[in-house]
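Peer 1: sequence first, then the predicted structure:
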Amino acid sequence: MKRKNGNVIYGDLQCKDSKIEFMGKNNILFLSEKANLRNAQITFVGSNALVFIGKSCFRGRIMIFTNCVCYIGNALGQSASDMFLNITSESYCIIGDDCLFSWGVVLESSDHHPIFDFKTHQCLNTSKRNILIGDHIWVGQYAWVLKNTFWLQEVFWAQRGLRQKLIILIVQMLESQPSRREKVFFGMGR
């Protein structure tokens with residue numbers, strides 16, 4: 001356990017060519033048994049955030065802001081080191097067990113540009129901004145997963161797909177065209 005400005009790393013830090021940076025205070029990086037980082041960069045931009053990595057090897061980049069949670073389950077499979085998770089203030093990103101991610105995958109819980117009402121100064125495009133990816137999800141090459149995405153289990157998301165505000169409750173195979181959805185039953189290989 002390392003502690004500075006209330007920032008803590010729990011677990012056995014197994015990392016190769018990786019960097020962990022704390023810019024805020026009171027952040028936690030929790031690495032479970034058999035978790036490791038390879039070619040990873042985790043940046044705590046804000047304060048009071050938590051990153052939990054299960055029995056997986058994470059390769060890629062996590063940028064996490066104030067009051068956020070990033071949970072990565074067990075048996076994460078990745079094709080490359082260029083996965084990017086951008087978790088903005090007061091949101092969470094949960095990735096379940098036994099998920100597969102191809103290269104170039106991006107998960108973002110923000111659209112980065114708030115839209116304000118000039119009269120009331122109220123933000124018009126707020127959302128819960130959360131991302132939930134359940135167990136046994138396969139995300140294809142260059143897919144972007146945006147805020148308000150909720151996938152329960154056994155979903156295939158095709159390459160170069162873009163998804164926001166989607167709730168999937170049954171096994172489905174989705175292609176990059178949002179208008180085309182087909183029920184299928186399939187398995188994933190590693």
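Peer 2: Cool, the structure landed.
Peer 1: next one: phi and psi at the residue of the chain most remote from its centre?
Peer 2: Distance from the C-alpha centroid of the chain, by CA atoms, centre = their mean, peaks at K119 (35.3 Å). Here is the backbone geometry of K119 (degrees, to the nearest 10): phi -80, psi -50.
Peer 1: tell me the pLDDT at it?
Peer 2: pLDDT for K119: 82.
Peer 1: then the one 3 residues further on?
Peer 2: Per-residue confidence at Q122 stands at 74 (pLDDT).
Peer 1: likewise for the one 5 residues further on?
Peer 2: Model confidence at S127, given as pLDDT, is 59.
Peer 1: do E175 as well
Peer 2: pLDDT at E175 comes out at 42.
Peer 1: quick revisit: what's the separation between the residue farthest from the centre of the chain and G60?
Peer 2: In this view, K119 and G60 are 42 Å apart by CB to CB, to the nearest Å. Yep, even glycine has a C-beta here, placed from its N, CA and C like the rest.
Peer 1: does the closest residue in space to A75 that isn't next to it in sequence belong to a helix or a strand, and which?
Peer 2: Distances taken as CB to CB, 6 or more residues apart in numbering put D98 closest to A75, at 4.5 Å, once the chain neighbours are dropped. Using DSSP states H and E, D98 sits within no helix or strand.
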